[in-house]
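Asker: Return atomic coordinates for the entry below.
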Amino acid sequence: MTNHWIDYQHSDVMMNIGLNTAENHPVSMKWIQKAKDRGGKLICVDPRFTRTAAMSDLYVPIRPGTNLAFLNGMIQYALENDLVHHEYLINYTNAAYLVNEAYHFEDGMFSGARLMDDGIGGEKVVYDRTTWSYQSDEAGQVLSDETLEDPRCVYQLMKQHFRRYDLQTVSEIIGCPLETLQACAALFCSTGKPEKAGNIMYAMGITQFTHGAENVRAIAILQAILGNMGRPGGGVNAQRGQSNVQGSTDMAMLYHIIPGYMPVPSESLHPTLEAYHATSPGGYWANRPKFMNSLLKAFWGEHATPGNDYAYDYLPKIDKERSHIATSKYMGDGEIKGMVCWADNPAVGGPTAARKRKNSAKLDWLVSVDIFENETATFWKEPGVNPEEIDTEVFLLPAALHMERDGSISNSGRWIQWRYAAGTPPGDCHSDLWIVDRLFRAVRDAYQVDGGVFPDPILKMNWDYGEDASSARVAMEINGYDTRTGELLTSFAQLQDDGSTAAGCWIYAGYYANEEEPACQRRIRETEGVGNHPEWAYAWPINRRILYNRCSADPAGNSWNPDLPLFQWNGSGWNRYDVPDFNAALLPEESARNAFIMTGEGRARLFSNGMVEGPFPEHYEPWESPLANRVSSVQFNPCSTVWYPDDRADYASGAFPLVATTYRLSEHYQTGMMTRNMPWLVETMPELFVEISPTLAADHGLVSGDQVVVSSQRGEFQAPVCVTPRVKSFQAGGKTIEMVGILWHWGYAGLSKGPVTNDVAPSIGDANTTIPEYKAFLCQIRKVV
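Answerer: The predicted model follows:
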């Protein structure tokens, strides 16, 4: 998230796409309402008419799985009608850069496409990205044309690429009336005026697709061409579904990164530390050797030395894809013998969840760490399963609630806030830190006694957090310290690559720099400013509240909006209300050349080689879709791995003519463990249901309360139906397309029980992140007589 919920109050236009703010992120609605009170407008883009839609100034219905066509249409509208922020575009993006003459695009495919073995018996497109590059002179300087007229400049190639996404075409793809789409485009693109700011908020409703990462990239492009990045009231703002999702990603809970968003080393590409550092990108990431070496020092302390490449060989290297979907397949193949599920319940939450429960029976052992006994821990108790046929040994470790442990959490706006335990966990329940500390020490003791193939990474681990592990001691290690003096670091700028510093997560440097009064424990409200509250908690990185904030002022240093002067040059320095995301010692015209410090160009990348599908976002239909792709002959993301080809439904067969999408309730949370065991919440929302439109209900002779079986190519479940005008059909591609809305909080454990609806969801993921495509797939319903 580039900005913060509080900053929403400064938005002139807000687009809510792929999330239901009013119900799932209600606190943020306070700040949205403040913007509306001063004349701001809210656009809601959603397949359902939600409570957020009810509060919006404009509701835009959209067929599930077509967000990218919609966003590309917004980009095309801004380009076609010259609504872009020209001064911002030329100075702060790569719009003027000239692109490699060999780059081309044709019929849904970019230059460099190769059909390659996907490693599991199939094929997928893997691009050679050599042509996704710039032209340069003999000195290596990138060629550019600030008139934006050269046909090979990024701006002209953008206009050519997005030309196919006119609003009429987009309307027919997404199933939204043309007049509504035109009103949406005109309203949001009005923020391209220098004094205006537009904010785009999103969540899982645009990420859980085979092209989810491209959806987010399209948002970033739209915000960049309108000049909405780095400004109060602007930004690309992911609303997290729980209080510490941000913190968990910062600490590398995803398989492809290590703490601080550094890439996980590859067994084949990075066999040595030198090879890993050789792949460091430009921009501020050129400092990655400092971040990485300091991380290794935090892990292995005195055993990480220049002589052994700071114990780089101790760090596991990824050998192949290790995503959620891949892990399930490896379990089924017998490759994985044991699994620890920590506050995770894949038996309910995973795609094609029945397969995960079946594959769990092939494990030798399984550990579940949770506050209640969940379905993953009790897969052997599932109705219809004979426990005597299950050989898996299951361990349930009872954990403490978040109110029963202290430590920091990082909210959507990257604010790291310390919270204190409000009570003591009951019985044998313990905090996650207590459990992992005891577990590691037991493993280390076992290695000391029995040895092993390669015991050094365990035996030499820098692990000493006290007899009762202290969250404060962990925080100090994450913050970083001078290895010679033990002095805590105040900034990541102090990190070195020579072993003199250690830090568990470089972006957190400074949040716990004072053991007595750490910054993350501050609670001082702002008395003047723009609502950044710089002395409330600590925002990574370096307490910066709005990322890329050099862009809040023009190249001469004048704030785009004089009424919101985040940064204003006064002739000798900056008047400011935030920590600079640039070198403030330079004159404005000089610092403007590096407004996006994390990229090698110092500019926002409208054209980029960072995505696996192509340098520009391109619409593809979901893996299962009722329509052919309107803009090319390439039906679905050609770079996605198809793990289970037989799981795919054929729309032409007529067996599964409806589009399903999944979502959450306010009354229940995720797989339901925290809420289905609470009597008050169970009383409020006692059972699962599915939502359908009145027209679909009429077609099937259904009324609210009737039982239906929802089926897909992968499985089925039974639930009562709720007939509601919140769900409507879509007129798209010359067809009437009906939608089934599916909740997914239930399972066979807990106080309130119900079928596992993710049994019908496909195990297909985004080509970049492998997040499953929960939000759009084919299904059928039939009435239970």
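Asker: Find the nearest non-adjacent residue to T130, please.
Answerer: Nearest non-adjacent residue to T130, counting by Cβ to Cβ, 6 or more residues apart in numbering: G112, 6.3 Å away. Using the backbone N, CA and C atoms, a C-beta is placed for each residue, glycine as well.
Asker: go on, A54?
Answerer: In space, A54 is closest to A22, 7.6 Å off (Cβ to Cβ, 6+ apart).
Asker: Same check on Y577?
Answerer: Nearest non-adjacent residue to Y577 (Cβ to Cβ, 6+ apart): G529, at 4.4 Å.
Asker: still on that earlier bit, give me the next element, helix or strand, following the helix or strand encompassing the residue nearest to A54.
Answerer: Using DSSP states H and E, the element containing A22 is helix 21-24. Counting by DSSP H and E, the next helix or strand C-terminal to helix 21-24 is helix 26-37.
Asker: what sits against the spatially most central residue of the chain?
Answerer: In the chain, the centroid-proximal residue (Cα atoms, centre = their mean) is T207; its distance is 6.7 Å. Contacts for T207 (Cβ atoms under 8 Å, 6 or more residues apart in numbering) come out as 18, 213, 215-216, 766, 769, 771.
Asker: Let me see the domain layout of the protein.
Answerer: With automatic domain parsing as the criterion, the domains of the chain are listed as 5-99+134-238, 324-450, 645-783.
Asker: Could you check how far E335 is from I325?
Answerer: According to Cβ to Cβ, to the nearest Å, E335 and I325 sit 14 Å apart.
Asker: which of these two has more neighbours?
Answerer: I325 (23 against 10; other Cβ atoms under 10 Å).
Asker: how close does the more buried one sit to F49?
Answerer: 32 Å.
Asker: Helices of the stretch 151-300 of the chain, start to end?
Answerer: 154-162, 167-174, 178-189, 204-207, 212-225, 245-250, 273-278, 288-300 (DSSP state H, counting those that start in this stretch).
Asker: Could you single out the most deeply buried of those helices?
Answerer: Neighbour counts (mean count of other Cβ atoms under 10 Å) averaged over each of these peak at helix 212-225, with a mean of 26.
Asker: and the angle for that helix with helix 154-162?
Answerer: 130 degrees (axes from the mean of the first three to the mean of the last three Cα atoms, to 10 degrees).
Asker: And helix 212-225, what does it pack against?
Answerer: helix 67-80, helix 86-92, strand 198-202, helix 204-207, strand 236-238 (3 or more Cβ pairs under 8 Å, 6 or more residues apart in numbering; DSSP states H and E).
Asker: let's see 7 Å
Answerer: helix 67-80, strand 198-202, helix 204-207, strand 236-238 (3 or more Cβ pairs under 7 Å, 6 or more residues apart in numbering; DSSP states H and E).
Asker: contact partners of that helix?
Answerer: 67-68, 71-72, 74-75, 78, 84, 89, 93, 200, 202, 206-207, 209, 229, 234-236, 604, 606, 611, 613, 617, 766, 768-769, 771 (Cβ atoms under 7 Å, 6 or more residues apart in numbering).
Asker: Determine how far it lies from the middle of the whole chain.
Answerer: 13 Å (Cα atoms, centre = their mean, to the nearest Å).
Asker: likewise stretch 422-437?
Answerer: So, by Cα atoms, centre = their mean, the centroid of stretch 422-437 is 29 Å from its chain's centroid.
Asker: Report the mean confidence score over the longest helix along the chain.
Answerer: For the chain, the longest helix by residue count, based on DSSP state H, is helix 432-450. Taken as a whole, helix 432-450 has a mean pLDDT of 97.
Asker: Quick one: residues in contact with it.
Answerer: Contacts for helix 432-450 (Cβ under 7 Å, 6+ apart): 369, 397, 399, 455, 458-459, 463, 465, 469, 471, 474.
Asker: I'd like the next helix or strand past that helix.
Answerer: helix 456-459.
Asker: Please identify the buried residues of that next one?
Answerer: 457-458 (16 or more other Cβ atoms under 10 Å).
Asker: relative to helix 288-300, how tilted is the helix or strand just after it?
Answerer: Counting by DSSP H and E, the next helix or strand C-terminal to helix 456-459 is helix 471-479. Angle, helix 471-479 to helix 288-300, by the same axes, to 10 degrees: 150 degrees.
Asker: Please write out the alpha-carbon positions of helix 471-479 in CSV.
Answerer: Output in CSV follows, covering the C-alpha atoms of helix 471-479 (Å, rounded to 0.1, in the frame of the first residue of the first chain):
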residue,chain,number,x,y,z
SER,A,471,9.3,-10.7,21.5
ALA,A,472,11.3,-7.5,22.3
ARG,A,473,14.6,-9.5,21.6
VAL,A,474,13.2,-10.7,18.3
ALA,A,475,12.2,-7.2,17.5
MET,A,476,15.7,-5.9,18.1
GLU,A,477,17.2,-8.5,15.8
ILE,A,478,14.7,-7.7,13.1
ASN,A,479,15.5,-4.0,13.5
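Asker: and the angle from that helix to helix 432-450?
Answerer: Going by the same axes, to 10 degrees, helix 471-479 makes 80 degrees with helix 432-450.
Asker: contacting residues around whichever helix or strand comes after helix 471-479?
Answerer: Reading on from helix 471-479 to the C-terminus, the next helix or strand found by DSSP H and E is strand 481-482. Contacts to strand 481-482, defined as Cβ under 7 Å, 6+ apart, come from residues 487-489, 500-502.
Asker: Packed most tightly, which of the domains of the chain would that be?
Answerer: domain 5-99+134-238 (a mean of 22).
Asker: starting at the chain centroid, how far to it?
Answerer: 17 Å.
Asker: just stretch 592-610 next, same as before
Answerer: 20 Å.
Asker: Just say helix, strand or coil for the nearest residue to T661 once chain neighbours are set aside.
Answerer: Distance criterion Cβ to Cβ, 6+ apart; nearest residue to T661, sequence neighbours excluded, is P64 at 4.3 Å. Here P64 takes the coil state, with states given by DSSP: H, G, I helix; E, B strand; the rest coil.
Asker: Numbering from 609 from now on, please.
Answerer: Let's use 609 as the start, then, which means that last one is P672.
Asker: Report the residue spans of the stretch 609-758 of the chain with pLDDT below the cut-off.
Answerer: Judged by pLDDT under 70, the stretch 609-758 of the chain has no weakly predicted residues.
Asker: List the beta-bridge partners for V948.
Answerer: V975 (DSSP bridges).
Asker: can you pull out the strands in the stretch 1209-1358 of the chain?
Answerer: For the stretch 1209-1358 of the chain, the strands defined by DSSP state E, counting those that start in this stretch cover 1266-1271, 1298-1300, 1315-1319, 1324-1331, 1338-1340, 1343-1345, 1347-1351.
Asker: which residues sit against the last one?
Answerer: Which is strand 1347-1351. 655-656, 672, 1266-1271, 1273, 1296-1300, 1318, 1335, 1365, 1387, 1389.
Asker: can you give me the end-to-end distance of stretch 1233-1246?
Answerer: 15 Å (Cα to Cα, to the nearest Å).
Asker: buried ones in it?
Answerer: 1233-1235, 1237-1240, 1242, 1244-1246.
Asker: Just the closest of those residues to A1357, please.
Answerer: Closest approach between those and A1357, by Cβ to Cβ: S1233, at 34.1 Å.
Asker: Good, we can wrap up now.
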